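Participant: the following block contains a protein sequence and its predicted model.
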Amino acid sequence: MFTALLVVLEIISAVALVVLILLHAGKGGGVSDLLGGSVGAAAAGSTVAEKNLDRITIVFALLFMASAVALSLRL
């Protein structure tokens, strides 16, 4: 039962990581341009949306790593 929950957590965090990484800015793109913050981003560095996206990505990466370690110890 616990292993099945870990597998589900692993799959959800993997899909979320793919989506979140694709939302990150490349060369002049990303979530800040999507939300209309391209002018402010050039003057002020990272926008609030990009900083929050970074934080959310880190949380999902930590969840992914923790579930991978837990699965490897469980199997």
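Facilitator: Now that the structure is in, tell me what you want to look at.
Participant: residue contacts, the residue nearest the centre of the chain?
Facilitator: Nearest to the mean C-alpha position of the chain, counting by CA atoms, centre = their mean, stands Thr57 at 2.4 Å. Thr57 makes contacts with Leu17, Leu20, Ile21, His24, as judged by CB atoms under 8 Å, 6 or more residues apart in numbering. Bear in mind the C-beta positions are built from the backbone N, C-alpha and C, glycine included.
Participant: please, which helix or strand holds it?
Facilitator: Secondary structure assignment for Thr57, by DSSP states H and E: helix 48-74.
Participant: check Leu5 too.
Facilitator: Following DSSP H and E, one finds Leu5 within helix 2-23.
Participant: picking up where we left off before, among the contacts of Thr57, who's most crowded?
Facilitator: Leu20 (18 neighbours; other CB atoms under 10 Å).
Participant: gap between that residue and Ala61?
Facilitator: To Ala61, Leu20 is 9 Å away according to CB to CB, to the nearest Å.
Participant: for this protein, give me the ranges with low pLDDT.
Facilitator: Across the chain, the ranges flagged by pLDDT under 70 are 27-45, 75.
Participant: follow-up on the earlier one: quick one: which two of the contacts of Thr57 are the most distant?
Facilitator: For the contacts of Thr57, the farthest-apart pair by CB to CB is Leu17 and His24; their separation is 10.9 Å.
Participant: which positions within stretch 12-21 qualify as buried?
Facilitator: Neighbour counts over stretch 12-21 (16 or more other CB atoms under 10 Å) mark Ser13, Ala16, Leu20 as buried.
Participant: pretty sure the second one is touching Phe60, no?
Facilitator: Yes: here Ala16 lies in contact with Phe60, judged by CB atoms under 8 Å, at a distance of 4.8 Å.
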